[in-house]
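Asks: my questions are about this predicted structure, shown below with the sequence.
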Amino acid sequence: MEVKSSMEYGKKGRRLRNPLKIISNLWSYHELISQFIKRELIGRYRGSYLGIFWSFLTPLFMLVVYTFVFSVIFKARWGMGSTSKTEFALTLFCGLIAFNLFSEVVGRAPGLILGNVNYVKKVVFPLEILPLVSLGSSLIHAMISTVILLVGLIVTTGTFNWTTVFLPVVLLPLLLLSLGLGWFLSSIGVFLRDIGHVIGIILSALMFLSPIFYPISAIPEQFRAVYYINPLSYVVEDMRRIIIWGQMPHWESFLINMVISIAIALFGYMWFQRTRGGFADVL
C-alpha cells in the first residue's frame, strides 16, 4: 500500500466531497477492513472455550428468555390480532436486533481512536476505516441474531415471509446513519473524553424512546411526532413488517430516512477527515 503523510490524508479528505469518490476511497481499503473485522471477531472471543459460538449462543439465549417472560409470565400480545403466544417475543427481538446494531457502533465510537493510538502516532494508517470495522463486526452479529430470529419464527409459527429479502434494503439507512455517527463521534471522542459517558446515557434512553418494546400505535397521539423524528423508528418498524408480518416496507418513510442517513454519513466522513490532523497533537 502506498504510504502517504498525515497532511496528504487531510488534504485528500477535504477533496473527497463526491459520494462516489468517498465510496471508491473506502473500497480501496476493503482487504484491510476485512482483515481487521476478522481480527476483532477472533480477539473478542480469544481465550474462551466456546469461542465464536458465543455469537450464536447469546442471542439464542436471549430469544428463549424473551419468549418465556413475555408469553408465559406476562402473556403479552403485540396487538396485531394474533393468538400466537410467542409473537410478542419475536417482535421484540426483531426490534432489538436493529437497536443493538446501532447501539454497538455508536456506543463504541467515542473510544475508537483513543483505543488505537498506535495507528495515529506510529504509522500512517487510514483511520477512517476504524468505524467501518466496528460496523462490520456489529453487522455480522446482527446477521447471526437475524438467522436465529428466522429459525425461531419458522419453528413457532411455521412461516417464512418472502418479504425478508428486503432486509438489506431496510437496513441500509441504519448502516449509513451508524457509520456517519461513528465517524463524527470517534473524532469528537479524541477532543472531548466525556462524550463516551454522554452517549451511553443517550443510548439507554433511546432504547426506551424507540418503538422496541411497544408498537407506535400504543403511543399517545400528542407524542407520536417525536417518535417519527427518531430514524430508528422507521427501521425497527420496517424490519417487523418484512420479517414478522410479511408486509412490504413503508417506502415513503424509507426514502426520507435514506436521504437523512446519507447526509449524516457524508457529514460524519468529512468532519472526521477535516479534524484528523489534530489527533496526534491531542493524543
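Replies: Ah, there it is.

Asks: could you list the buried residues of the longest helix belonging to the chain?
Replies: If you go by DSSP state H, the chain has its longest helix at helix 129-157. Within helix 129-157, the residues scored as buried using 16 or more other Cβ atoms under 10 Å are 129-142, 144-146, 148-150, 152-153, 156. All C-beta spots, glycine's among them, are computed from the backbone N, C-alpha and C.

Asks: and after that helix, which helix or strand comes next?
Replies: On the C-terminal side of helix 129-157, the closest following helix or strand by DSSP states H and E is helix 167-191.

Asks: could you say what helices and strands the helix or strand following that next one packs with?
Replies: As assigned by DSSP H and E, the chain's next helix or strand after helix 167-191 is helix 195-209. Using 3 or more Cβ pairs under 8 Å, 6 or more residues apart in numbering; DSSP states H and E, the elements in contact with helix 195-209 are helix 87-108, helix 167-191.

Asks: mind checking how far the longest one is from the chain centre?
Replies: Spelled out, it's helix 167-191. On the basis of Cα atoms, centre = their mean, to the nearest Å, helix 167-191 is displaced by 7 Å from the centre of the chain it belongs to.

Asks: quick check: buried residues in it?
Replies: Within helix 167-191, the residues that count as buried by 16+ other Cβ under 10 Å are 167, 170-190.

Asks: how about low-confidence regions in the stretch 51-200 of the chain?
Replies: The model of the stretch 51-200 of the chain has pLDDT under 70 over residues 51, 71, 75-85, 122-123.

Asks: repeat that with 90
Replies: Counting by pLDDT under 90, the stretch 51-200 of the chain has low-confidence residues at 51-93, 115-126, 152, 155-159, 193.

Asks: I'd say Leu266 and Leu20 touch.
Replies: No. Leu266 lies out of contact with Leu20 (Cβ atoms under 8 Å); the separation is 11.5 Å.

Asks: those two: who's more crowded?
Replies: Leu266 (18 against 8; other Cβ atoms under 10 Å).

Asks: measure how the helix or strand harbouring that one sits relative to helix 129-157, angle-wise.
Replies: Assigned by DSSP H and E, Leu266 belongs to helix 251-275. Computed by axes from the mean of the first three to the mean of the last three Cα atoms, to 10 degrees, the angle separating helix 251-275 from helix 129-157 equals 150 degrees.

Asks: which secondary structure elements does helix 251-275 contact?
Replies: So helix 251-275, by 3+ Cβ pairs under 8 Å, 6+ apart, packs with helix 6-15, helix 19-27, helix 167-191, helix 231-243.
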